[in-house]
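Q: show me how the following folds:
(one chain, ligands or ions: 2)
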Amino acid sequence: MKIKNICCIGAGYVGGPTMAVIAQKCPEVNVTVVDINEQRISAWNDKDVENIPIYEPGLSEIVREARGRNLFFSTDVDSAIDQADMIFISVNTPTKTYGIGKGMAADLKYIELCARQIARVAKDDKIVVEKSTLPVRTAQALKNILDHTGNGVNFQILSNPEFLAEGTAIDDLLYPDRVLIGGDIDSDEGKEAVNALVDVYAHWVEKDHILTTNVWSSELSKLTANAFLAQRVSSINAMSELCEKTGADVNEVAKAVGMDTRIGSKFLKSSVGFGGSCFQKDILNLVYISKSMGLNEVADYWEQVIIMNDHQKRRFAANMVRTLFNTVSGKKIALLGWAFKKDTNDTRESAAIYVADYLLNEQAEIVVYDPKVKTEQIYADLDYLNTRSSEENRKRVTVVNSPYEASRDSHAVAVLTEWDEFLKLDWQKIHESMLKPAFLFDGRRLLDRKTKEDIGFEFYAVGS
Ligand SMILES: NC(=O)C1=CN([C@@H]2O[C@H](COP(=O)(O)OP(=O)(O)OC[C@H]3O[C@@H](n4cnc5c(N)ncnc54)[C@H](O)[C@@H]3O)[C@@H](O)[C@H]2O)C=CC1
Ligand SMILES: O=C(O)[C@H]1O[C@H](OP(=O)(O)OP(=O)(O)OC[C@H]2O[C@@H](n3ccc(=O)[nH]c3=O)[C@H](O)[C@@H]2O)[C@H](O)[C@@H](O)[C@@H]1O
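A: Numbers count the residues shown, from 1 in each chain. Ligands and ions are numbered 1, 2, ... in the order given. Now for the predicted structure:
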């Protein structure tokens, strides 16, 4: 079975880049990305590709090449569903903020709405692909909805979790470690659906990198991968605190440990804490699933990864206050970086939000500079915490366009995102413009201690 028309519901950080790459690599397939968010779709259709809503290195070039040829962005969800032979569901699956499982379980209401819409609109057989990250056994619920409200249409459900990381999304999509496809491999129809999706990826991914499994293994592998990755960051961050107390250096420890090929060197960079839309959400989801199956030890084991991460963010901010003579009240503090990692404009669950909130509770005046994050996003992130009124956030937090402006007359500068440009700043100039003693806190192990101390900074870095 050859796929001719693909529809993707959800034009976000996953749907947008993933479909752009599929369209680029499969010029004979029409790919339509739909979303209910009109503003987002109109930004994807902006004449100037630099204005597309997601910043990812290499993405705008691909959109420029494929958009209008076989890549389309639209708010007409019904018609895209109707025309497609394969429908990806790539909508958000945030942590529930109400009811049973509040603060832990994944909120599947957007997924269910998609399923009901597909069931209502579809007139011929469809392959429905779970691209969103979902709790294990969600495909069963999807199938129930599709089979019971459909009009005799045959649906095959596949799980095809996405492993891209933001900031490197295009490279991750072009050269994936593996593509994972889960399906009903025991039936002929299921096998045919799996093969149809394998053929899409086989346009650019070698067949031995395309792994097929049953649906449940695929769904659970995604949660497992994120849990393992986050666990590494929490593990090295736990060691960073011990390093600070003992004179060991976490970078040296990470290198020594990572050279053991059984451990490996990746994902061992100590930081102010991991952020991003998924690690916390997916682990909480794993904890919830485990608890609801009575697996309390399993749940506790994974929950510790989150507890450690919260501790790391809080401890970084508390150390700033302690170092600044136990008070930051009325003191200007510059935060360099707001995104949860470099090369993205995404701020979801960014450690910077929590550090800023902690310092604001201590009555600091905050000035933020980030090369890609918009001012309104920064205020929205703080408002979302509901710690203080949004007027108060606007009064006490200033967002500026230059790191030099942020640092001027400040008591302290904290590097919270590892943007490359922070490496090349004129730190001498920054030091001269600050109040003395000038404190510099490196939450990313980005900066060289010796040169900063030679300039005259009081320098603090995570894990040393
Ligand atoms: N952000 C990332 O790097 C990764 C995310 N994921 C997973 O992919 C999924 C999507 O994540 P993101 O793209 O980051 O989310 P996002 O929030 O950026 O995008 C989701 C989009 O879906 C749209 N949407 C929601 N309900 C809809 C409906 N009924 N009809 C049409 N559009 C609808 C929203 O308006 C939004 O634009 C999540 O399950 C996430 O866990 C997986 C791998 C990486
Ligand atoms: O499901 C998802 O959403 C995605 O989550 C992560 O990707 P992402 O959150 O975009 O970015 P990462 O590079 O994993 O970084 C996550 C956080 O951990 C931090 N981190 C990462 C690595 C490290 O060594 N140290 C560290 O502090 C980063 O700064 C960032 O705040 C996974 O890496 C992806 O494979 C997955 O698809």
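
Q: now residue 362: closest residue in space that isn't a chain neighbour?
A: residue 328 (4.9 Å; C-beta to C-beta, 6 or more residues apart in numbering). C-betas here are computed from N, CA, C, even on glycine.

Q: can you name the residues that contact that neighbour?
A: 320, 321, 359, 362, 363, 364, 411, 412 (C-beta atoms under 8 Å, 6 or more residues apart in numbering).

Q: centre of the chain to the longest helix belonging to the chain, how far?
A: Secondary structure of the chain per DSSP state H: the longest helix is helix 215-246. Remark: helix 215-246 is offset 15 Å from the chain centroid, using C-alpha atoms, centre = their mean, to the nearest Å.

Q: tell me what that helix is packed against?
A: helix 138-149, strand 155-159, strand 179-182, helix 250-258, helix 279-292, helix 296-323 (3 or more C-beta pairs under 8 Å, 6 or more residues apart in numbering; DSSP states H and E).

Q: what sits up against the shortest one?
A: Contacting residues not belonging to strand 179-182 are listed as 139, 158-161, 163, 194, 197-198, 201, 205, 209-219, 221-222 [C-beta under 8 Å, 6+ apart].

Q: which of the residues you listed are buried? Put it as a PyMOL command.
A: Burial among the contacts of strand 179-182 is assessed by 16 or more other C-beta atoms under 10 Å; the matching PyMOL selection reads:
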select buried, resi 139+158+159+160+161+163+194+197+198+201+205+210+212+213+215+218+219+221+222
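
Q: and the helix or strand of the chain with the lowest mean pLDDT with strand 155-159, angle?
A: Sorting the helices and strands of the chain by mean pLDDT, DSSP states H and E puts helix 138-149 at the bottom, at a mean of 89. Note on geometry: by axes from the mean of the first three to the mean of the last three C-alpha atoms, to 10 degrees, helix 138-149 and strand 155-159 are set 170 degrees apart in direction.

Q: counting by contacts, list what helix 138-149 packs against.
A: helix 109-121, strand 126-130, strand 155-159, helix 215-246.

Q: and the protein, which residues reach ligand 2?
A: 133, 162-166, 226, 229, 233, 267-269, 271, 274-279, 340-341 (C-beta under 6 Å from any ligand atom).

Q: give me the subset of these lying in strands.
A: With strands taken from DSSP state E, there is no overlap with those.

Q: buried subset of those?
A: Those of the residues of the chain next to ligand 2 that meet the buried threshold are 133, 162-164, 166, 226, 229, 233, 267-269, 271, 274-279, 340-341, by 16+ other C-beta under 10 Å.

Q: give me the phi and psi for the closest residue in space to residue 284 that isn't next to it in sequence.
A: Counting by C-beta to C-beta, 6+ apart, residue 284 lies nearest to residue 104, which is 4.7 Å off, once chain neighbours are set aside. Backbone torsions of residue 104, given as degrees, to the nearest 10, read phi -140, psi -60.

Q: number of nearby residues for residue 104?
A: By other C-beta atoms under 10 Å, 20 other residues sit near residue 104.

Q: list the contacts of it.
A: Residue 104 sits next to 95, 96, 284, 285, 287, 288, 291 when contact means C-beta under 8 Å, 6+ apart.

Q: let me know the closest of those residues to ligand 1.
A: When these are compared for distance to ligand 1 (C-beta to the nearest ligand atom), residue 285 wins out at 9.3 Å.

Q: hmm, what's the outermost residue in the protein?
A: Going by C-alpha atoms, centre = their mean, the residue of the chain most distant from its centre is residue 152, 38.0 Å out.

Q: check the gap between that residue and ligand 1 for me.
A: Between residue 152 and ligand 1 the distance, using C-beta to the nearest ligand atom, to the nearest Å, works out to 24 Å.

Q: what do you get for residue 460?
A: Counting by C-beta to the nearest ligand atom, the gap from residue 460 to ligand 1 is 30 Å.

Q: can you tell me the SS state at that residue?
A: Counting by DSSP: H, G, I helix; E, B strand; the rest coil, the backbone at residue 460 sits in strand.

Q: what is it paired to in the beta sheet?
A: residue 441 (DSSP bridges).

Q: surely it touches residue 438?
A: No: counting by C-beta atoms under 8 Å, residue 460 stays clear of residue 438, with 11.9 Å between them.

Q: of the two, who's got more company?
A: The neighbour count for residue 460 versus residue 438, taken as other C-beta under 10 Å, is higher for residue 438 (22 against 19).

Q: distance of the more buried one relative to ligand 1?
A: Plainly put, residue 438 is 36 Å away from ligand 1 if you go by C-beta to the nearest ligand atom.

Q: now do that residue against residue 457, distance only.
A: 5 Å (C-beta to C-beta, to the nearest Å).

Q: so what sits against both of these two?
A: What both residue 438 and residue 457 touch, as defined by C-beta under 8 Å, 6+ apart, is the set residue 431.

Q: what's the domain layout of the protein?
A: Listed domain ranges for the chain are 5-205, 307-461 (source: automatic domain parsing).

Q: contacting residues around stretch 432-443?
A: So stretch 432-443 is contacted by 271-272, 316, 319-320, 323-324, 332, 351, 355, 404, 407-416, 431, 447, 452, 456-462 (C-beta under 8 Å, 6+ apart).

Q: give the buried residues for it.
A: Neighbour-count burial for stretch 432-443, counted by 16+ other C-beta under 10 Å, picks out 434, 438, 439, 440, 441, 442, 443.

Q: so what would you say the end-to-end distance of it is?
A: Terminal residues of stretch 432-443 lie 22 Å apart, using C-alpha to C-alpha, to the nearest Å.

Q: going forward can the numbers begin at 56, since that is how I track them
A: Done: numbering now begins at 56, and the last item shifts to stretch 487-498.

Q: state the distance from the closest residue to residue 253 other than its chain neighbours to residue 231.
A: Spatial nearest neighbour of residue 253, excluding adjacent residues (C-beta to C-beta, 6+ apart): residue 265 at 5.4 Å. Relative to residue 231, residue 265 is positioned 9 Å away (C-beta to C-beta).

Q: kindly report the same for residue 337.
A: 19 Å.

Q: looking at those two, which one has more neighbours?
A: Taking neighbours as other C-beta under 10 Å, residue 337 and residue 231 compare with residue 337 leading, 26 against 19.

Q: noted, bye for now.
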